[in-house]
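Q: this is the structure alone, sequence omitted:
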């Protein structure tokens, strides 16, 4: 028993690449959430501060023919919620507006 030494403890959750919990490090996260039945909700978070969230929401609603809202979250800041699965449409819209596709992360299913 004395010959076994495992003094190097490895914590897989110690360095996740984020500075603090909830920080997105400049990425725009587009997620989908299942509501009830076939209904889904698309959320967009981490949009840079130089873009007006209300104007983006209005453009999303008009372009995608869906309803949406702007929700204030304590940890994540302002989050855009859209009805339906709008992930690819939002990604393409943001890319056309000049946002680099490398910082857009699409999550879900």
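A: Okay, I see it. The structure displayed is predicted, hence computed values, not measured ones.
Q: now the strands for this protein?
A: Remark: strands assigned in the chain by DSSP state E are 28-34, 40-45, 68-73, 77-83, 104-106.
Q: remind me what the fourth one packs against, helices and strands.
A: So the one you mean is strand 77-83. Applying 3 or more CB pairs under 8 Å, 6 or more residues apart in numbering; DSSP states H and E, we find strand 77-83 packed against strand 40-45, helix 53-64, strand 68-73. Where you see a C-beta, it was placed from the backbone N, CA and C, and this is true even at glycine.
Q: ranking the strands of the chain by burial, who's on top?
A: Using mean count of other CB atoms under 10 Å, the stretch among the strands of the chain with the largest mean neighbour count is strand 40-45, at a mean of 21.
Q: ok, residues contacting it?
A: Residues from elsewhere that reach strand 40-45 (CB atoms under 8 Å, 6 or more residues apart in numbering): 24, 28-35, 73, 76-87, 90.
Q: what's the answer for stretch 66-81, then?
A: 21-22, 24, 41-47, 53-54, 56-57, 60-61, 82-84, 86.
Q: what of stretch 49-60?
A: Under CB under 8 Å, 6+ apart, the answer for stretch 49-60 is 47, 66, 68-70, 78, 80, 82, 86, 90, 93, 97.
Q: closest to residue 109 among the residues you listed?
A: residue 86 (13.3 Å; CB to CB).
Q: ok, now how distant is the spatially most central residue of the chain from residue 37?
A: Nearest residue to the geometric centre of the chain (CA atoms, centre = their mean): residue 29, 2.1 Å. Distance, residue 29 to residue 37, using CB to CB, to the nearest Å: 25 Å.
Q: one more: residue 49?
A: Distance from residue 49 to residue 37, by CB to CB: 36 Å.
Q: could you do residue 74 as well?
A: Using CB to CB, residue 74 is found at 29 Å from residue 37.
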